[in-house]
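> Generate coordinates for the sequence data below:
(chains A and B)
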Amino acid sequence: MNFIKTFGAGCLIAGALSIASCSRTVTRIDNNQQIDISGGWNNTDSRLVAEEMTSTILSADWLSNHLQEKAGKKPTVIVGMVQNKTHEHIDAETFTKDVERAFINTQKVRLVQGGKKREELRGEKADQQTNASVSTMKKFGLENGADYILQGSLNSIVDAHKKQKVVAYQVNLELTNIETNEVVWIGEKKITKYVKN
Amino acid sequence: MKKSLLYIFLIAFATVAKAQDAGLAPDQNPRYKESQQRYMNTADSLTTTLSTTVQQTYKAYDWYEARMERRQQRREWRHQENLYNGYYNNYYGQSSYYNPYTWRNNLWWAPSVNFRWGHSRWYW
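As a prediction, the model looks like this:
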């Protein structure tokens, strides 16, 4: 009798353990925690780029020069195209959005919408011309024209042999005066990784 | 002296007046409208990539990854060969010509190296 009880309990424990071992575990981690799994581009790299760019773009000379030239009028910036020329799929929005947020939070730079979002805004404005009341209808031709455009590029160099690999990423953001084509600021972040399989 | 200063003043005044007539900003290229016209027509297509990441990725050679890909490719080929094994065997007269999927119908153990169901390939 004792043997049957012990055997039954053993079977139950073994079953529970086998079920538990098959289940997937997911835990929330801190965004700033560095976890490298594959060696590819990840959230830590994006964060490092964002920190570097936001800290340098707002402290660079272009801002004070603009304020001086334009009698204290804040510059208006539009975010342009970022070219990903690396060997991985990377969306630059993960760090350009941090730069945009820094512009708005510090109130030092004005930001205007571009691309598809701007198209949507104009579409909404067009819709208002026939559907909104006259007092609330927004007019065309009163958008803020950008003074500067923020463009960028991502590059990578891969050196791999057998189970070892060195990957170097270079992220550049450039701020250019739209009227004069003068590049007023270039931000750069280089990240190099050694991966051993 | 006074006369020459007056001439300079008149010439400068005439130049500024002419520039204003043409709608030019100081130092603006007088042929700017040629460029403006060209870009006004293509402005929509040129601004579609604003605020986007254009993917121009390349495939980097990685010895380890290339080996894994080759291995995966071999597995895929072997799998495909096994799938159509019965079909190919037809040409060698080993099974029915009209039923290319004989391996699916074989409900008997095929003693092969891998001990799989119905795979009539005996040696790998």
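
> Check the gap between the spatially most central residue of chain A and A:T54 for me.
Centre of chain A computed as the mean C-alpha position; nearest residue by Cα atoms, centre = their mean is A:T94, 1.5 Å away. Distance, A:T94 to A:T54, using Cβ to Cβ, to the nearest Å: 13 Å. All C-beta spots, glycine's among them, are computed from the backbone N, C-alpha and C.

> What is the neighbour count of the nearest residue to the residue nearest to the centre of chain A once chain neighbours are set aside?
Leaving aside its sequence neighbours, A:T94 sits nearest to A:S46 (Cβ to Cβ, 6 or more residues apart in numbering or on different chains; 4.2 Å). By the criterion of other Cβ atoms under 10 Å in any protein chain shown, A:S46 has 19 neighbours.

> Now look at the helix or strand hosting B:Q73 and say if it contacts chain A.
Taking DSSP states H and E as the definition, one finds B:Q73 inside helix B:63-83. Yes - counting by Cβ under 8 Å from any Cβ of the partner chain, chain A has neighbours in helix B:63-83: B:W63, B:Y64, B:E65.

> Counting neighbours, which bits of stretch A:129-145 end up buried?
Within stretch A:129-145, no residue qualifies as buried by neighbour count (16 or more other Cβ atoms under 10 Å in any protein chain shown).

> and that stretch, average pLDDT?
Average pLDDT, stretch A:129-145: 96.

> go on, stretch B:72-92?
For stretch B:72-92, mean pLDDT rounds to 79.

> mind listing the helices for the chain?
Going with chain A. Secondary structure of chain A, counting by DSSP state H: helices at A:2-22, A:43-57, A:61-69, A:93-106, A:115-131.

> The intended chain is chain B.
Going by DSSP H, chain B shows helices at B:2-22, B:32-46, B:63-83, B:85-91, B:102-105.

> So which residues on chain B come close to chain A?
Counting by Cβ under 8 Å from any Cβ, chain B comes close to chain A at B:47-65.

> Select from those every entry located in strands.
In this view, these that belong to strands under DSSP state E are B:T53, B:V54, B:Q55.

> which among those end up buried?
B:T53.

> Save the ones in strands among the residues of chain B next to chain A as a markdown table, and put in distance to A:K162 and pLDDT too.
A markdown table is the format used below for these (distance: Cβ to Cβ, whole Å; pLDDT from 0 to 100):
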| residue | distance to A:K162 | pLDDT |
| --- | --- | --- |
| B:T53 | 32 | 96 |
| B:V54 | 33 | 96 |
| B:Q55 | 29 | 97 |
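
> quick one: contacts of stretch A:171-190?
Contacts to stretch A:171-190, defined as Cβ atoms under 8 Å, 6 or more residues apart in numbering or on different chains, come from residues A:48-49, A:52-53, A:56-57, A:60, A:62, A:65-66, A:77, A:82, A:95-96, A:99, A:146-155, A:168-170, A:191.

> May I see the buried residues of that stretch?
If you call a residue buried by 16+ other Cβ under 10 Å, then stretch A:171-190 has these buried ones: A:V171, A:N172, A:L173, A:E174, A:L175, A:T176, A:V184, A:W185, A:G187, A:K189.

> Against A:A60, how distant is the fourth one?
What it means is A:E174. 12 Å.

> and what of A:N43?
Distance, A:N43 to A:A60, by Cβ to Cβ: 26 Å.

> can you check A:D147 too?
Noted for A:D147: a distance of 15 Å to A:A60, by Cβ to Cβ.

> again, but for A:R101
Using Cβ to Cβ, we find A:R101 at a distance of 18 Å from A:A60.

> residues contacting A:A168?
Contacts of A:A168 by Cβ under 8 Å, 6+ apart are A:S156, A:I157, A:K190, A:I191, A:T192, A:K193.

> Test my guess that the last one contacts A:S38.
No - checked against Cβ atoms under 8 Å, the pair A:K193 and A:S38 is beyond contact range at 10.5 Å.

> the more surrounded of those two?
More crowded of A:K193 and A:S38, by other Cβ under 10 Å: A:K193, with 15 against 9.

> Show me what the more buried one is bridged to.
In this entry, A:K193 is beta-bridged to A:V167, by DSSP bridges.

> so how far is A:R28 from it?
Here A:K193 is placed at a distance of 25 Å from A:R28 (Cβ to Cβ).

> what's the answer for A:G145, then?
Counting by Cβ to Cβ - A:G145 and A:R28 are separated by 43 Å.

> nearest to B:R75, of the buried residues of stretch A:171-190?
Closest approach to B:R75 among these (Cβ to Cβ): A:V171, at 37.2 Å.

> in the sheet, who's paired with that closest one?
Taking DSSP bridges as the rule, A:V171 bridges to A:L154, A:K189.

> returning to what we had before: so for the helix holding B:Q73, what gets flagged as buried?
Using 16+ other Cβ under 10 Å as the test for burial, helix B:63-83 gives B:Y64, B:N82.

> Packing partners of it?
Secondary-structure packing of helix B:63-83 (3 or more Cβ pairs under 8 Å, 6 or more residues apart in numbering or on different chains; DSSP states H and E): strand A:148-161.
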